[in-house]
Each structure stands twice: as C-alpha cells, then as structure tokens.
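# I'll drop the sequence and a predicted model, then ask my questions.
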Amino acid sequence: MSKANLASTSLTMSSTTTVITPNGSREQAEQLAIESPYSIALNDETIGSSMVLPIALEEFGAGFLFGQGYIKKPGEIREVVVCPEGRIAVFADVEVTEPKEVIITSGCGGTGKISKEMFEDDFDPLAECTITFPEISTFIRESLQSSPLGPQTHCVHGCGFWQDGKLQAYYEDVGRHNAVDKVLGAILLGKFSPRGAIYTTGRLTSDMVLKCARIGIPIIMSRTAPSSLGLAIARRSGATLAAYARPDRVNIFHAPERIVY
C-alpha cells in the first residue's frame, strides 16, 4: 500500500512555545509541519507554483496539472522529476498551450486555481463501484491511523483512496486541495484506477468535488461538510456525495445507492 507516512522527522520541525493559562505559564515544545514552495513545470514550461508538504511530490505535480486542465487522463505522463531546488518537472505527451482560463477557488488565501473548462464541459461516465458500510468504517479508521503527522502537528489534511476492499493510498498535505491532488496524481501515474472511494478530511467545495468527478471517482466522502455548489456538481456528474463521515455514521447527500450494508 502506498502511503505518505515516511519518517515524520523529515516533514516536521520543533518549536518552543510559551503556554499561558490562568495558573501561570510554561515552556512546551510543539511540532510544526514543513511547508515548502514548489513550482510545477510541464515539458519545461512553468505552469504554476504551490506551497506543499514536501512528500509525494510526483503525485502532487501530476494532480496539480490535472486541475489546471493540462493533463486529462492516465497514460499521458511519461516522467516526473522532482528537482532539489524546488521544482517538479512533468514530461507528458500533451501540448503545452496558452495559459488556461482559470477560476479562483475556495482555497485558503484565494490561491487555488482550477481551469474554467473543468466547470463547463460535460462529464464522462464514472468508474462504477459500491462500498459497504463496514468498509467505510475500516477505510476511515485506517486512513486516520496511517500517519502520525496529524496528531503531532494538527496542521495537515489527509486524503485516502479505497479500492478492492483495502486502503490503496493515503496522502497528507498542509492544504486540503493538495492532499486530494496527490490522490488524483497517483491515479494519473497508474498506481490505481479511479474505480473506488475517496475520503478527505477537508470540506467538499465545488473544486474538490469537481476534480474527483472529472477523473471518474464515483464515491466522494468527507469528514466535514459539502458546499451548495459541491452538491450541485455531484448531482451533475452523478457522483455519490457523503459528508460527516465517521466509522459509525455517514450523511449521504446524493446517490446513496453506491453505499450498501
């Protein structure tokens, strides 16, 4: 199973804090998630940049370019090279066109962007599958236990992918969009197909749902809530949209037939 659970020492740094309470103050060490800038290039043309948790960068580069509308499907990418100076170079059998028209998303600080054509084009059929409620329980538990970064830093989002009765991958990042992009990048790199369920700790806003539906994932789940436009996109694409997902409950906003007992 592919997980972003390398030694946390390479992904965190320690900082001493002063904790103040009504009973006085004390010094306490805290772990901070590393946030690093990376530019993403396609066939030697710089497309954009992002602040990311520096792990699973090949997957992130592929997923980022999918969201920007340059990479469309698995099989187009020939090679991904992560350069030490903070550059992810993706080489693919696609044409690097003029910059895509983009929409600013709900990403923190308004820095997220997604190609406008992703909102406007018709949806391809989803890669059909179902998931049982016991599988959902296992999926969530195994996802949240896959890495110590969450409990250590309280600063990362996670995103897992379930297929064929097991957790195929779990990725983390300081941004909820980035964590999802890493799962989508893994699909684009051929690590598994979109025929499964995705679970994110982030809220399901329009762009989060849109990217998952565009790549063909039929079941989209979150620990938190969807937005109105996120639900509208699920309805347009036919995707199952489930929120407030816990090991013992889930609220299905659309297409409950894919979740069975």
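Arrived safely.
# measure Glu120 to Ile233 for me?
12 Å (CB to CB, to the nearest Å). From N, CA and C alone the C-beta is placed, and that goes for glycine too.
# quick one, which of the two is more surrounded?
Ile233 (29 against 8; other CB atoms under 10 Å).
# now that one: how far from Asp93?
Ile233 is 29 Å from Asp93, by CB to CB.
# over to Gly202?
Taken as CB to CB, the span from Gly202 to Asp93 is 31 Å.
# so which of the two has more stuff around it?
Just comparing Gly202 and Asp93: by other CB under 10 Å the higher neighbour count belongs to Gly202, 20 against 10.
# pLDDT at that one, what is it?
pLDDT for Gly202: 96.
# next, the contact list for it, please.
His157, Cys159, Arg176, His177, Ala179, Val180, Met208, Ser222, Arg223, Thr224 (CB atoms under 8 Å, 6 or more residues apart in numbering).
# please, a ChimeraX command that selects the buried ones among these?
A single ChimeraX command is used to select the members of those judged buried by 16 or more other CB atoms under 10 Å:
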select :157,159,176,177,179,180,208,222,223
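# got JSON lines for the contacts of Gly202, with pLDDT too?
Formatted as JSON lines, these follow (pLDDT from 0 to 100):
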{"residue": "His157", "pLDDT": "96"}
{"residue": "Cys159", "pLDDT": "98"}
{"residue": "Arg176", "pLDDT": "94"}
{"residue": "His177", "pLDDT": "94"}
{"residue": "Ala179", "pLDDT": "97"}
{"residue": "Val180", "pLDDT": "97"}
{"residue": "Met208", "pLDDT": "94"}
{"residue": "Ser222", "pLDDT": "98"}
{"residue": "Arg223", "pLDDT": "97"}
{"residue": "Thr224", "pLDDT": "97"}
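# ok, so of the contacts of Gly202, who is nearest Pro148?
His157 (14.9 Å; CB to CB).
# now do stretch 135-150, average pLDDT.
Stretch 135-150 comes out at a mean pLDDT of 95.
# could you do stretch 185-193 as well?
pLDDT averaged over stretch 185-193 gives 98.
# farthest pair within the contacts of Gly202?
So, the contacts of Gly202 by CB to CB: farthest apart are His177 and Arg223, at 15.3 Å.
# state the distance from Glu85 to Asp248.
Distance from Glu85 to Asp248, by CB to CB: 47 Å.
# do Ala62 as well
Taking CB to CB, one finds Ala62 at 35 Å from Asp248.
# and for Ile55?
From Ile55 to Asp248 the distance is 31 Å (CB to CB).
# more neighbours: which of these two?
Ile55 (20 against 8).
# pLDDT wise, what is that one at?
96.
# hmm, Ile34 and it touching each other?
No. Under the criterion of CB atoms under 8 Å, Ile55 is not in contact with Ile34, lying 9.0 Å apart.
# what's the next secondary structure element after the stretch of helix or strand Ile40 belongs to?
Using DSSP states H and E, Ile40 maps to strand 36-42. The first helix or strand that comes after strand 36-42 along the chain, using DSSP H and E, is strand 45-52.
# tell me which element Trp162 is part of?
Applying DSSP H and E, one finds Trp162 within strand 157-163.
# remind me what that strand packs against, helices and strands.
helix 133-144, strand 166-173, helix 176-188, strand 197-200 (3 or more CB pairs under 8 Å, 6 or more residues apart in numbering; DSSP states H and E).
# of the ones you listed, which is nearest Pro74?
Short answer: helix 176-188, nearest of the helices and strands packed on strand 157-163 by CB to CB, at 5.3 Å.
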